[in-house]
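K.L.:
structure here, sequence nowhere to be found:
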Ligand code: APR
Ligand code: ZN
């Protein structure tokens, strides 16, 4: 019965809760949509990565490029994809910077991301706040025996020279430690699941929530947790946005624009701008 409160202006409640420091355990659950403004395409938008790779590599379905069994048989297409996927120059977006800013305010519990670009860390998020559910592009290993390899050797000596790197122990092609279809999620995803139970506000941003088991996270949040879905398109499989008694709020649009407005409405604009300036200036150094 506790949550039978009617929320007539959900957005205003979020703004006031942030302004009055009511929310102390904020969770972020993110996908590729928060990095598109950094120049990294998402997967399923019409101009996303899947639309590009299916034709280019003559795949039966786009996910095949990230399918472990297909990769082991024919690593060439994925190596070629990696060759064009250079994100070293990409800068964190306002959305990433907002996460870093809230971490600095010490009100972030955890950030679960499906992204492998690491832009959260460039935005000042401490590594211990991060759960990279789909792995990281900064490390490489053998997908069969787990033997670790140097990502820079993989990229510079093999990928960029159109050669395939094979495991010295079991002769499987080596790949970055990003999770492929057919691989289980890292143990860190399982171990950190516990943190969702202490969360009072969750921003779910830039994801189509199509990939299991990551897409189960919003559903596992404790009832009574505010769930703010920030996305260009509506995904309502897991939410009750239209129920004025629910704490589900859909903010439709580009995440950077929504974050900018939210920061403005809360009254953090100057402080946030200073934070962004500091971080971005240091990146350039
Ligand atoms: N602001 C807000 N939303 C955006 C923006 C933006 N600037 N750009 C794109 N979006 C939305 C899209 O409308 C889409 O709903 O972000 C969502 C991105 O969805 P996907 O492309 O499916 O990406 P994601 O949900 O992260 O995919 C999950 O699929 O192939 C696997 O492992 C891969 O981690 C990836 C997983
Ligand atoms: Zn091996």
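P.N.:
Right, received. Where do you want to start? Only a predicted model underlies this, so the values are computations on that prediction, with no experimental measurement involved. Ligands and ions are numbered 1, 2, ... in the order given.
K.L.:
which residues of this protein lie near ligand 1?
P.N.:
31-33, 36-37, 42-45, 48, 63, 66, 114, 134, 206-208, 210-211, 231-233, 254-255 (CB under 6 Å from any ligand atom). Where you see a C-beta, it was placed from the backbone N, CA and C, and this is true even at glycine.
K.L.:
buried only: go through the residues you listed for me.
P.N.:
Among the residues of the chain next to ligand 1, those classed as buried by 16 or more other CB atoms under 10 Å are 31-33, 36-37, 42-45, 48, 63, 66, 114, 134, 206-208, 211, 231, 254-255.
K.L.:
tell me the confidence at the nearest residue to residue 173 once chain neighbours are set aside?
P.N.:
Leaving out its chain neighbours, the residue that sits closest to residue 173 by CB to CB, 6 or more residues apart in numbering is residue 75, at 3.8 Å. pLDDT for residue 75: 98.
K.L.:
again, but for the one 4 residues further on
P.N.:
Residue 79 is assigned a pLDDT of 98 by the prediction.
K.L.:
and it, what element?
P.N.:
helix 76-83 (DSSP states H and E).
K.L.:
list the buried ones in that helix?
P.N.:
Residues of helix 76-83 classed as buried by neighbour count (16+ other CB under 10 Å): 77, 78, 79, 80, 81, 82.
K.L.:
re earlier: filter the buried ones among the residues of the chain next to ligand 1 down to the ones close to ligand 2.
P.N.:
When these are checked against ligand 2 using CB under 5 Å from the ion, none falls in range.
K.L.:
tell me which of those fall in strands.
P.N.:
Judged by DSSP state E, the subset of those located in strands is residue 231.
K.L.:
ranges for the helices of this structure?
P.N.:
10-19, 49-56, 68-73, 76-83, 94-104, 119-122, 151-153, 187-191, 217-220, 255-266, 269-284 (DSSP state H).
K.L.:
which parts of the first one are buried?
P.N.:
Residues 10, 13, 14, 15, 17, 18 are the ones in helix 10-19 that count as buried (16+ other CB under 10 Å).
K.L.:
quick one: contacts for the fourth one?
P.N.:
Contacts here follow CB atoms under 8 Å, 6 or more residues apart in numbering; on that basis residue 15 touches 262, 265, 266.
K.L.:
for the fifth one, same thing?
P.N.:
When contacts are counted by CB under 8 Å, 6+ apart, residue 17 is found next to 23, 201, 226.
K.L.:
neighbours of the last one, how many?
P.N.:
Meaning residue 226. 23 (other CB atoms under 10 Å).
K.L.:
please identify the most buried of the helices of the chain.
P.N.:
helix 94-104 (a mean of 25; mean count of other CB atoms under 10 Å).
K.L.:
for the buried residues of helix 76-83, give me a markdown table that also has distance to residue 249.
P.N.:
Output for those, formatted as a markdown table (distance: CB to CB, whole Å):
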| residue | distance to residue 249 |
| --- | --- |
| 77 | 40 |
| 78 | 38 |
| 79 | 42 |
| 80 | 42 |
| 81 | 36 |
| 82 | 38 |
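K.L.:
hang on, isn't residue 134 packed against residue 115?
P.N.:
Yes - assessed by CB atoms under 8 Å, residue 134 is found in contact with residue 115 at 7.4 Å.
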